[in-house]
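1. build the 3D model from these lines:
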Amino acid sequence: MPSWARDLINLYESNASNQFILFGNVNDQQLIPTETSYRIGSLNEFLVRVLLARFDVVLSYDVGNGIRVEKGGEVFSSWPEIKQSPTQSLPSAPRPAIEKLTHYLRYVSNLARLNRGSTQVAVIVRSADLVTPMLGGGNDPDVNAMAVLLRDWASDSLLTTHSLASFLIAENLNDLHPLVAGNPRATQLKIALPSAEDLQTALSLWQSAYPRSLKEYSGKYEALAAQLSGTTLGAIESSLKRSEHVSEPLNAAGLVRLKKQLVEKDCNGLIEFLESARTLEDVSGLEKVKTWLRQDIQLWQNNDVAALPKGYLICGPVGTGKTYLVECLAGEAGVPVVKLKNFRDKWVGSTEGNLEKIFRLLQALGRCYVFIDEADQALGRRDAGQNDSGLSGRIYSMIAEEMGSSSNRGKIVWVLASSRPDLIEVDLKRPGRVDTKIPLFPTTTPRESLDLLRALLKRRNLQLPDEEAQQLEASMPTLLTPGAAEALSVKIYRVARTGGCSVVEAVRESLTDYQNPVPLDVLETQIRLAAREASDLDFVPECFRIK
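-> So this is what the prediction gives:
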């Protein structure tokens, strides 16, 4: 039994709860225990055939199929309302259906009170967020009425003293009407993405169905399962079916690409996997920063997480290579980088639901970096006024809770990047959420600018010999960021290729009347902010240190 199912059984058998809100990975296939092993089926099948095997009547409802009798049709048909109108179909519209189900639950409860028989009844409401949605629910009398009825299933003494159980299934808890999701009498149970052990079991069950797809692993699925963690059983089986059809066995070379595709598809574009073949060796300068990061990576690889930071804040003026440093860090550590894309949505409750889905994925991935670019805009604020109906504050609260979770240390490392770290809430930057703050700065001397420009020109097969480079050093600008140097190197390449001149002449021409793309006052302000945020003064060049 999965842990959520064991908890559910204990809560029901102890009479602690009879209504369960199942959320999370509810639309995926599940491992269903049998007498000797497992088989793979839907969550509905798991509930009906395993958890509710001893119940007399099991009813289900969703807005597409209406009320269905999953089990105990003969017992249900003895209900006088059904006997009197045997040809009348059960209602499918939400409010009449919920009212009909409530009526039946009260009927069997009244029979039990009168000692006229006891019938164990369970009701499964699939896609409960479409029945009592968060979106616009407070303005719809029908939705509010159904929310009250669903609450009654868990709090009405007539119902709770009888052998009744109800299951409300929704992918995201935040998509449910607050009267339902916030019911203190209901128990919220999260169904997580399959663990590596679950994936290993599923792969062994699939080996006979997809022998060509799994040919290269010959029943040894531990490593394959670990690599596929964070994906759903349904997505993996779909890929196996395709591979089997085209006779392309899974192999190590294609697994990274496959996992990236599966996870991004399951998350509907909310996240992006950053792939990087770079390492910290590709970062020019920043020796003290690189030493610190390599020490952290070594602690992580040795499972010594006591001193491992929960998060980094990488700050500095625009164009200083914050995203590039993250890519190099990921390549050095050999763990995936998950970049949060635009998870905000204009619909009420959708943004919170998107974050729920993202957090479930992160917890299932195992070790990973979570990269949030432009963090000052993405993370929300504790109090953003009334302009966004409190959305920014709710985002802030959810992310702050997830970043501060002690269970994530050693599993998830948050990486925030911003050129305006002063706009990020102080609580999000505190130790315990962001332990290490790394500032990045533009060049401080003409020599640093020259070395940076030569490295970028070399990538374009433009060589500057040492003697000629020394002649150019005096004319090099300072406060040159990698982004600005990249733009300058492109200009030099263009001049050299179109003007028929030497590299040295192209550099001199390009430096004539050179103007930094970022206004000087903006650049200096962002430098001061980055220097102020640094968690260690060794990261800050002497000329930028605040006196």
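2. of all the residues in the helix-or-strand element of the chain with minimal mean pLDDT, which ones are buried?
-> The least trusted helix or strand in the chain, going by mean pLDDT, DSSP states H and E, turns out to be helix 252-266, with a mean of 73. By neighbour count on 16 or more other Cβ atoms under 10 Å, the buried set for helix 252-266 is 258-259, 262-264, 266. (C-beta placed from N, C-alpha, C; glycine too.)
3. what of stretch 64-80?
-> Residues 66-67, 69-72, 75-76, 79 are the ones in stretch 64-80 that count as buried (16+ other Cβ under 10 Å).
4. repeat that for stretch 157-170.
-> Within stretch 157-170, the residues that count as buried by 16+ other Cβ under 10 Å are 159-160, 162-170.
5. for stretch 175-194, same thing?
-> 175-177, 179-181, 183, 186-187, 189-191, 193-194.
6. taking those residues together, which two end up most distant?
-> Greatest spatial distance among the buried residues of stretch 175-194 (Cβ to Cβ): 179 and 194, at 31.8 Å.
7. ramachandran coordinates for residue 21?
-> Phi and psi for residue 21, reported as degrees, to the nearest 10, are phi -100, psi 110.
8. repeat that for residue 185.
-> When read as degrees, to the nearest 10, the backbone of residue 185 gives phi -90, psi -10.
9. now it, nearest residue through space, not along the chain?
-> Leaving aside its chain neighbours, residue 185 sits nearest to residue 154 (4.0 Å; criterion: Cβ to Cβ, 6 or more residues apart in numbering).
10. elements contacting the helix or strand hosting the one you found?
-> Using DSSP states H and E, residue 154 maps to helix 141-155. Under the contact criterion of 3 or more Cβ pairs under 8 Å, 6 or more residues apart in numbering; DSSP states H and E, helix 141-155 touches strand 19-24, helix 94-113, helix 128-131, helix 157-160, strand 164-170, helix 178-181.
11. what about the last one, average pLDDT?
-> If I follow you right, that is helix 178-181. On average, the pLDDT along helix 178-181 is 91.
12. just the C-alpha atoms of stretch 522-539, please, in PDB.
-> What follows is stretch 522-539 as a C-alpha-only set of coordinates in PDB (Å, rounded to 0.1, in the frame of the first residue of the first chain):
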ATOM      1  CA  VAL A 522      22.000  52.500 -13.300                       C
ATOM      2  CA  LEU A 523      25.100  50.400 -13.500                       C
ATOM      3  CA  GLU A 524      26.600  52.000 -10.400                       C
ATOM      4  CA  THR A 525      23.400  51.600  -8.400                       C
ATOM      5  CA  GLN A 526      23.200  47.900  -9.300                       C
ATOM      6  CA  ILE A 527      26.800  47.400  -8.300                       C
ATOM      7  CA  ARG A 528      26.200  49.000  -4.900                       C
ATOM      8  CA  LEU A 529      23.100  46.800  -4.300                       C
ATOM      9  CA  ALA A 530      25.100  43.600  -5.300                       C
ATOM     10  CA  ALA A 531      28.000  44.600  -3.000                       C
ATOM     11  CA  ARG A 532      25.600  45.200  -0.100                       C
ATOM     12  CA  GLU A 533      24.000  41.800  -0.500                       C
ATOM     13  CA  ALA A 534      27.200  39.700  -0.600                       C
ATOM     14  CA  SER A 535      27.300  37.000   2.100                       C
ATOM     15  CA  ASP A 536      31.100  37.100   2.000                       C
ATOM     16  CA  LEU A 537      33.300  40.100   1.400                       C
ATOM     17  CA  ASP A 538      35.800  37.900  -0.400                       C
ATOM     18  CA  PHE A 539      33.300  37.900  -3.300                       C
END
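13. pull out the buried residues from it.
-> With burial defined by 16+ other Cβ under 10 Å, the residues of stretch 522-539 counted as buried are 523, 526-527, 529-531, 533-535, 539.
14. spatially, which two of those are the most separated?
-> Farthest pair in the buried residues of stretch 522-539 (Cβ to Cβ) is 523 and 535. Separation: 22.2 Å.
15. and the chain, what are its domains?
-> Structurally, the chain divides into domains by automatic domain parsing as follows: 3-191, 196-266, 274-440, 446-511.
16. skipping adjacent residues, who's closest to the residue nearest the centre of the chain in space?
-> By Cα atoms, centre = their mean, the chain has its centre lying nearest to residue 358, at 1.9 Å. Closest residue to residue 358 apart from its sequence neighbours, by Cβ to Cβ, 6+ apart: residue 270 at 5.7 Å.
17. can you tell me how far that neighbour sits from residue 104?
-> From residue 270 across to residue 104, the span is 40 Å (Cβ to Cβ, to the nearest Å).
18. tell me the pLDDT of residue 307.
-> Looking at residue 307, its pLDDT stands at 85.
19. check residue 540 too.
-> pLDDT for residue 540: 92.
20. could you pull out the strands in the chain for me?
-> Using DSSP state E, the strands of the chain run over residues 19-24, 30-33, 38-41, 57-62, 66-71, 121-125, 164-170, 187-191, 271-274, 311-315, 337-340, 368-372, 412-418, 436-439.
21. quick one: the first one to strand 121-125, angle?
-> Taking axes from the mean of the first three to the mean of the last three Cα atoms, to 10 degrees, one finds that strand 19-24 is oriented at 30 degrees with respect to strand 121-125.
22. mean confidence for strand 19-24?
-> 95.
23. what does the second one give?
-> Averaging pLDDT along strand 30-33 gives 91.
24. who are the packing partners of that strand?
-> Contact here means 3+ Cβ pairs under 8 Å, 6+ apart; on that basis strand 30-33 packs against strand 38-41, helix 43-46, helix 196-206.
25. out of the ones you listed, nearest to residue 474?
-> Evaluated with Cβ to Cβ, these place helix 196-206 nearest to residue 474, the distance being 58.9 Å.
26. so, low pLDDT: which residues of the stretch 51-200 of the chain?
-> For the stretch 51-200 of the chain, the stretches with pLDDT under 70 are 86-87, 135-138.
27. list of residues touching stretch 265-272?
-> 231-232, 235, 263-264, 338-341, 343, 354, 357-358, 361 (Cβ atoms under 8 Å, 6 or more residues apart in numbering).
28. pull out the buried positions in it.
-> For stretch 265-272, a neighbour-count test (16+ other Cβ under 10 Å) marks 266-267, 270-272 as buried.
29. now those residues in CSV, with distance to residue 471?
-> Listed next are the buried residues of stretch 265-272 as CSV, based on distance: Cβ to Cβ, whole Å:
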residue, distance to residue 471
266, 57
267, 53
270, 52
271, 49
272, 44
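30. point out the least confident member of these, please.
-> Least confident by pLDDT among these: that is residue 266, with 73.
31. isn't residue 12 up against residue 6?
-> No: with contact defined as Cβ atoms under 8 Å, residue 12 and residue 6 do not form a contacting pair (11.1 Å).
32. tell me how far the ends of stretch 317-337 are from each other?
-> End-to-end distance for stretch 317-337, by Cα to Cα, to the nearest Å: 23 Å.
33. I'd guessed residue 144 sits against residue 179; true?
-> Yes: Residue 144 is within contact range of residue 179, at 7.3 Å (criterion: Cβ under 8 Å).
34. ok, the buried residues of stretch 64-80 vs residue 220, which is closest?
-> Nearest to residue 220 among these is residue 70, at 38.7 Å by Cβ to Cβ.
35. contacts only, for that closest one.
-> Contacts for residue 70 (Cβ under 8 Å, 6+ apart) come out as 44, 48, 58-60, 124.
36. farthest-separated two in those residues?
-> It's 44 and 59 that sit farthest apart of these, by Cβ to Cβ, at 11.9 Å.
37. the two: which has the busier surroundings?
-> Each of residue 44 and residue 59 has its neighbours counted (other Cβ atoms under 10 Å); residue 59 has more, 23 against 19.
38. any idea how far residue 16 is from the nearest residue to the more buried one once chain neighbours are set aside?
-> Leaving aside its sequence neighbours, residue 59 sits nearest to residue 123 (Cβ to Cβ, 6+ apart; 5.0 Å). Distance of residue 123 to residue 16, given as Cβ to Cβ: 19 Å.
39. compare the two (neighbour count), which wins?
-> Counted by other Cβ under 10 Å, residue 123 and residue 16 do not tie: residue 123 has more neighbours, with 24 against 10.
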